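**Student:** Here's my sequence, what's the structure:
(chains A and B)
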Amino acid sequence: KDQVFQPSTVASSEGAVVEIFCNHSVSNAYNFFWYLHFPGCAPRLLVKGSKPSQQGRYNMTYERFSSSLLILQVREADAAVYYCAVEDCNTGKLIFGQGTTLQVKP
Amino acid sequence: EAQVTQNPRYLITVTGKKLTVTCSQNMNHEYMSWYRQDPGLGLRQIYYSMNVEVTDKGDVPEGYKVSRKEKRNFPLILESPSPNQTSLYFCASSASSPGLYDIEYFGPGTRLLVL
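**Tutor:** Residues are numbered from 1 along each chain as shown, chains lettered A, B, ... in the order given. Predicted coordinates:
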């Protein structure tokens, strides 16, 4: 079954670099998407692509079946849920992981 | 301002009482979809629509209906809600099928409790 896997929780301390890992079993998927979701707000796209990329403090690594979101100099305000998704090129739909809750200790 | 809006944002109802959650986008997007978010299960697609009068089932369509009579609106209908439909619902839209070149924009979510 086509699935996207990511850890349910990641904990970090302020100022550190946090890595959230994601991998998938979707045979015809090449693009990763990382979304940030604060409760009560709309999920929003942070970074995407089929190669390593960076948007501000957010870095995305890329392998064919895995990607990591790296958050530099993490802050308490970064505590949220981070979703990994891949684009299934057969259906044109995004398949989402279960979301990773980031906990940040001061 | 480009946005996806949903109403209501919060809803408490009882089993069997039909309800509709509205979704509207002002970006002239062709593609719209509904997701539900449940703890440990992430975002799962309920229904999607490629364009007006074109809708299709997502991964978890049971118990839901949708319609797409106009481009901007994509209401989610629960004909006979049940407690297992208690969830957080997101509407989303994109210019065409979401992917590298057409980002999916999400609404703020509707939290539904079915008693």
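**Student:** what's near enough to touch residue 106?
**Tutor:** Chain wasn't specified; assuming chain A. Listed by Cβ atoms under 8 Å, 6 or more residues apart in numbering or on different chains, the contact set of A:P106 reads A:13-14, A:76. Glycine gets a C-beta too; all of them are placed from N, C-alpha and C.
**Student:** actually it's chain B I care about, not the one you picked
**Tutor:** A:35, A:42-44, B:4, B:90-92.
**Student:** In terms of pLDDT, where does it sit?
**Tutor:** Predicted confidence (pLDDT) at B:F106: the value is 95.
**Student:** That one bridge partners, please.
**Tutor:** With DSSP bridges as the criterion, B:F106 is bridged to B:A92.
**Student:** What about B:Q6? Give its phi and psi, please.
**Tutor:** When read as degrees, to the nearest 10, the backbone of B:Q6 gives phi -130, psi 150.
**Student:** Surely it is in contact with B:G107?
**Tutor:** Yes. Contact criterion Cβ atoms under 8 Å: B:Q6 and B:G107 qualify, at 4.2 Å.
**Student:** what sits against the closest residue to B:G99 other than its chain neighbours?
**Tutor:** Once flanking residues are discounted, B:G99 sits nearest to A:E87: 4.6 Å by Cβ to Cβ, 6 or more residues apart in numbering or on different chains. A:E87 makes contact with A:29-31, A:33, A:93-95, B:98-100, according to Cβ under 8 Å, 6+ apart.
**Student:** Understood, closing this out.
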